[in-house]
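1. following is a predicted model, sequence given first.
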Amino acid sequence: MLLALLVAAASAWVPARWSSTDPRSLELLANTPVNCLLLERVSRDFVAAASDRQIAVLRVVRPGEDPGAIVKEATEAGVAGLVLEGAFAEEVAQQFRDAARQANWTVVELPPRARLRLNTDAPIVGTYEGLWPGIRALEGDAARAAPTGGPWVETNTGFLRYVRAVTDAAVWIANKPPSGSVLPVQRYLNAIADAALAGARWVVALDPDFDRRLHGRDAKALDAWTRIAAHLKFYEDHAEWRRWRPAGRLALIQDESSGALLSGGILDMIAVKHAPVRPLPRTRLTAAALKDARLVVNVDPSSLGEAEKEALRSFTRSGGTLLSGPPGWKFPPPQEGRITLEETDLERLNEIWREVNSLVGRRNLGARLFNAAGMLSNLLASPDGKQILLHLANFTDYPAENITVHVAAACHAARLLAPGEPPRTLSPYPIEEGVAVEIERIATSAALLLDCKP
Amino acid sequence: MTRRELLGLFAGAALGPAAQPPAAPVAIARVAGYDSGLEEAVARLFDQLGGLGRLVKGKTVTIKLNLTGSPALRFEGRPLGTTHYVHPRVVGAVVRAMGQAGARRIRLVESCWATGGPMEEFLLDSGWPVRALASAAPGVEFENTNNRGKFGRYVRFKVARGAWIYPAYDLNAAYEQTDVFVSLAKLKNHETCGVTLSLKNCFGITPASIYGDDAGRDEPNENPTKGRADVFHFGKRPPSRSAPQELDPSSSRDPGYRVPRITAELVSARPVDLAIIDGIQTVTGGEGPWIRGLKFVEPGLLIAGLNPVCTDAVAMAVMGYDPQAGRGAPPFRRCDNTLKLAESLGVGTTDLRRIEVRGLTIEQARFPFPT
């Protein structure tokens, strides 16, 4: 019973890396939803003070640390659990798991993506490897650039959406700010939204300068921290959204062997185009899973078993469009330390992408967004199908204005929710494929909530 | 006689050696911003040109907007209309004025960058208030002329005697199915042509389906996804064979030679009846954010005239340039002077002494651009 309660609590943890063991530093967490701290060193006083505030403290363990010493330190401090961060030898990881079981600790494993353990009953699945979200800067000489395209957004959403599709566990991404960087607060808000868009949680981690200023109670740092807290709170206040299902009519069949653990792949390419797409792990490919799909992209046809092929045949017989990856092409197996595609793989992927792009064209596969360059979105539907939610995250350095959304559904009411702002009622108006909604402004993150006919 | 034949006649009526190119008045107004005073300024400009009614009453008006490049590319995060696109409020004010003057149909057109999709969607992607524009006057329509579009066909426009690059151009039929053709441009520089004004705006009337980098070899590609650099700027490949081909494929491949000539040819083939230049807010140093060295500026000016060469000549003078400058002089550092080329085709005069300026004087309006 106690373990069950602990597990339930662990799945609701809102994590942050914490550099201080001074109990007074916990005052910074007042009025924030952060309820779980990851520390490199722990002390009994600090853990007790955190516990008084219903904050769980986890001791971060790295490969090479002495398991005996760690367990002793953690036991004396009374932590809620351990975080195994890095590529642990299996027998060492098992030692920690065994110790944690005896001590009623939760173990959060944050391995490299290539060693992600998706088939466990752990309450939290995560990794420390992630891209730092944001707009990729123009390369080379700007004068050579053409008047084409839009900005590419570096994002972990494709990877996270796949992981969310595979597991019911809470998903953490624990990447740190790029080393040596001093970041504007907007970049942290982007990191929060990038994970939240996919129903995951980013483990808050501040750059050393920000961290130092925050703990020194610098006014600007405190102001930035307040904004970070407001964004975390926004997504935690609507935790039920994590249970909503992806609503896109474009399904992407992929698994770990066909690039699902990488970033910058086909899911991310489609996401930048704002075509609502839902990842469909190969193991979950059935005719029922394709019920609402109109277009299916099968990245690696050779990996399908007979039952899965039959599900796709049934889909195409019923009028669905199927696009398959190039014959004979296999993704390289996941590699430790590599989370993006090699140039050669990107070229092959581009072949699929061009076809996907051409097939999607102007089709409304759930929602179409206009004037949303530099943003990412994710379309979800409530379990009863009566509400549609469009997550919106703005990765540019300026507010996004005059965005139009065409929703392929019969919706009669719309509200725009945003961190730290009162809800705004919007007026949907009918268009050919459903309704259109006009959004005046999005600072960083928002969610468009529509009431619709199921 | 068909409208096409009429247009052909007009286009073929190049000047004899002794004839002077036409001159027409140009009006300049100061406008502080896009938020207030715009409609009054537009009305005043048109009054100074003799009134809109005589030009548009009962007519179909086609307005070519200047929407350069992908709407996804912003300069300093600013709205497109304040930098390198014409501003939607200027468009709205012009459309309203034309509606009030009795225009029967007002068609907003552009060969939208790298797409053959509906222009309304391109405008939405640009953050424009499409519904408001559509209701700004009776009979407002939108047409993406980057392919054959809603008309389902192309019309051939012949260049006046003296063409350099192409003898004729195949364009979306919207450019034929109109009584009045308006070039609504932005006051800005251009990397290849020195300036982007009402003449250079007409470079964009050409469909990428025929003149694009991914145009069909034999027939137009009705789903273009690229620009026109290979065909027009560099002459690396011909347009679709369905369209007239180059007069002399051995001629210079220098964009500074080709683009000004193509622009002049287009304006000769598809005459402009009204030129309007949005110089309220804009950029200097180039035509869009893909050009290094751009700077946001606020000249606070609207310029309009009944002849595009005259209008551009006055606009250039306002920018601090000599509209009769030759290649090598600013802003034509690496290109020929489009205005002079158009003048040589008999489109209009660049001689400021022959152009009556109404409203503000050139001196009053002067806003120097970089030299």
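-> Here it is on my side, so go on.
2. quick one, helices of the stretch 251-371 of chain B?
-> For the stretch 251-371 of chain B, the helices defined by DSSP state H, counting those that start in this stretch cover B:255-269, B:308-318, B:338-344, B:362-365.
3. one more: the stretch 1-150 of chain A?
-> Secondary structure of the stretch 1-150 of chain A (DSSP H, counting those that start in this stretch): helices located at A:2-11, A:44-52, A:67-77, A:90-103.
4. let me have those helices in a markdown table, adding distance to chain B as columns.
-> Quick note: C-beta positions are derived from backbone N, CA and C, even for glycine. Output for these, formatted as a markdown table (distance: least, C-beta to the nearest C-beta, whole Å):
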| stretch | distance to chain B |
| --- | --- |
| helix A:2-11 | 38 |
| helix A:44-52 | 41 |
| helix A:67-77 | 47 |
| helix A:90-103 | 45 |
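5. can I get the ones you listed in a markdown table with mean neighbour count, mean pLDDT and distance to residue A:371?
-> A markdown table is the format used below for the helices of the stretch 1-150 of chain A (neighbours: other C-beta atoms under 10 Å in any protein chain shown; pLDDT from 0 to 100; distance: least, C-beta to C-beta, whole Å):
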| stretch | mean neighbour count | mean pLDDT | distance to residue A:371 |
| --- | --- | --- | --- |
| helix A:2-11 | 13 | 57 | 37 |
| helix A:44-52 | 17 | 96 | 45 |
| helix A:67-77 | 16 | 95 | 51 |
| helix A:90-103 | 14 | 95 | 48 |
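6. about what we covered before: chain A: which of the helices of the stretch 251-371 of chain B is closest?
-> helix B:255-269 (13.3 Å; C-beta to the nearest C-beta).
7. so where is chain B shaky, pLDDT-wise?
-> B:1-18 (pLDDT under 70).
8. helix, strand, or coil at the most centrally placed residue in it?
-> In chain B, the centroid-proximal residue (C-alpha atoms, centre = their mean) is residue B:201; its distance is 2.4 Å. State at residue B:201, reduced to three classes by DSSP: H, G, I helix; E, B strand; the rest coil: helix.
9. name the nearest residue to it, sequence neighbours excluded.
-> Nearest residue to residue B:201, sequence neighbours excluded (C-beta to C-beta, 6 or more residues apart in numbering or on different chains): residue B:185, at 3.8 Å.
10. residues making contact with the host helix or strand of that neighbour?
-> Following DSSP states H and E, the helix or strand that holds residue B:185 is strand B:180-186. Residues from elsewhere that reach strand B:180-186, judged by C-beta atoms under 8 Å, 6 or more residues apart in numbering or on different chains: B:55-56, B:59-66, B:68, B:84-86, B:90-91, B:94, B:103, B:175, B:196-202, B:270-279, B:282, B:308.
11. what does stretch B:26-42 give?
-> So stretch B:26-42 is contacted by B:44-45, B:48-49, B:81-82, B:87, B:89-90, B:93-94, B:96-97, B:280-281, B:298, B:300-305, B:307, B:310-311, B:313-314, B:318, B:355-362, B:364-365 (C-beta under 8 Å, 6+ apart).
12. SS state for residue B:248?
-> Quick answer, by three-state DSSP: residue B:248 is coil.
13. give the contact list for it.
-> Taking C-beta under 8 Å, 6+ apart as the definition, residue B:248 has no contacts.
14. can you list the domains in chain A?
-> A:2-133+A:149-237, A:248-360, A:367-452 (automatic domain parsing).
15. need those domains in a markdown table (columns: distance to residue B:345).
-> As requested, these are exported to a markdown table (distance: least, C-beta to C-beta, whole Å):
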| stretch | distance to residue B:345 |
| --- | --- |
| domain A:2-133+A:149-237 | 35 |
| domain A:248-360 | 40 |
| domain A:367-452 | 39 |
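16. got a list of what the residue positioned nearest the centre of chain A touches?
-> Most central in chain A under C-alpha atoms, centre = their mean is residue A:195, positioned 2.9 Å from the mean C-alpha point. Taking C-beta under 8 Å, 6+ apart, we find residue A:195 in contact with A:156, A:160, A:171, A:173, A:201-202.
17. which one of the residues you listed is nearest to chain B?
-> Using C-beta to the nearest C-beta, the contacts of residue A:195 come closest to chain B at residue A:156, 21.8 Å.
18. my guess is residue B:132 meets residue B:95, correct?
-> No. Assessed by C-beta atoms under 8 Å, residue B:132 is found out of contact with residue B:95, at 9.9 Å.
19. more neighbours: which of these two?
-> The neighbour count for residue B:132 versus residue B:95, taken as other C-beta atoms under 10 Å in any protein chain shown, is higher for residue B:95 (25 against 12).
20. and the more buried one, what helix or strand is that in?
-> Short version, using DSSP H and E: residue B:95 is in helix B:88-100.
21. after that helix, next one along is what?
-> Elements were assigned by DSSP H and E; along the chain past helix B:88-100, the next helix or strand is strand B:105-110.
22. what does that next one contact?
-> Outside strand B:105-110, the residues that reach it (C-beta under 8 Å, 6+ apart) are B:59-67, B:91, B:95, B:98-99, B:119, B:122, B:133, B:137, B:139-145, B:172, B:174-175, B:178, B:204-205.
23. for that strand, the distance to its chain's centre please.
-> Mean C-alpha position of strand B:105-110 versus that of the full chain (C-alpha atoms, centre = their mean, to the nearest Å) differs by 13 Å.
24. the next helix or strand after that strand near chain A at all?
-> Using DSSP H and E, the next helix or strand after strand B:105-110 towards the C-terminus is helix B:119-125. Yes. Judged by C-beta under 8 Å from any C-beta of the partner chain, helix B:119-125 and chain A are in contact via B:121, B:124-125.
25. in a markdown table: the residues you listed, plus neighbour count.
-> Listed next are these as a markdown table, based on neighbours: other C-beta atoms under 10 Å in any protein chain shown:
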| residue | neighbour count |
| --- | --- |
| B:121 | 19 |
| B:124 | 26 |
| B:125 | 24 |
